[in-house]
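**Q** need a 3D model of the sequence below.
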Amino acid sequence: MNWFKRFGAARGALRIGPVSDHAERLAEIHAGAFARPWGADEFETFLADRAIRIDGLFVGRARLPAGFAVSRLVLDEAEILSVALARPFRGHGHSRTLLAYHLQALAHAGIARVHLEVEEGNLPALALYRRLGFRQSGVRPGYYARPDGTRASAMSMTKIVSGPALGPSP
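**A** Modelled structure (predicted):
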């Protein structure tokens, strides 16, 4: 039996969990996903902030994340600031797995409502958020600057993740 067959399943297994370092890698992933990337210094600030939660997607035994979801928590609400995957890991359903985990972790932390904003033209992200139960709650016209100089609206979305009727997610 060759090495790939013997260890391929373990190599491809996904792990998701809190990220406490790797600011350079997070910045690299973000730069590959967004026209206006955040730098490692911004991720260092996030990593040091107790009101920020970052969950990473790890493939196999990798020590560096292949993706992340980052949220700011305030009282019983959270705002998802960014979700990104490194290019080779896009299009395989990993964003949904990562975000479902992240939402569950937020609910366990006592979060009742989660907000986010997404560019109106980001159809894959909009579809993902809708599949996970987010509903449009507003629009910010011309909010995002595009690389070509035009502007795009931001779609505000909200999801209730826990509360008296729902309880925290399992």
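**Q** contacts and neighbour counts: CA atoms only from here.
**A** OK.
**Q** how about the helices in this protein?
**A** For the chain, the helices defined by DSSP state H cover 3-12, 23-33, 40-48, 94-108, 123-131.
**Q** kindly reformat these as TSV containing distance to Val70 and mean neighbour count.
**A** Shown next, in TSV, are those (distance: least, Cα to Cα, whole Å; neighbours: other Cα atoms under 10 Å):
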stretch	distance to Val70	mean neighbour count
helix 3-12	23	11
helix 23-33	10	19
helix 40-48	9	16
helix 94-108	8	19
helix 123-131	15	14
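**Q** low-confidence ranges, this protein, go.
**A** Of all residues in the chain, those with pLDDT under 70 make up the ranges 1-12, 163-170.
**Q** hang on, the earlier thing: JSON lines please, covering the helices of the chain and showing distance to Gly142.
**A** Shown next, in JSON lines, are the helices of the chain (distance: least, Cα to Cα, whole Å):
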{"stretch": "helix 3-12", "distance to Gly142": "40"}
{"stretch": "helix 23-33", "distance to Gly142": "20"}
{"stretch": "helix 40-48", "distance to Gly142": "24"}
{"stretch": "helix 94-108", "distance to Gly142": "26"}
{"stretch": "helix 123-131", "distance to Gly142": "17"}
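**Q** ok, which of these comes nearest Ala62?
**A** Closest to Ala62 of these, according to Cα to Cα: helix 3-12, at 8.4 Å.
**Q** give me the residues contacting stretch 69-80.
**A** If you take Cα atoms under 8 Å, 6 or more residues apart in numbering as the criterion, stretch 69-80 is touched by 51-56, 81-84, 98-99, 102, 106, 110-117.
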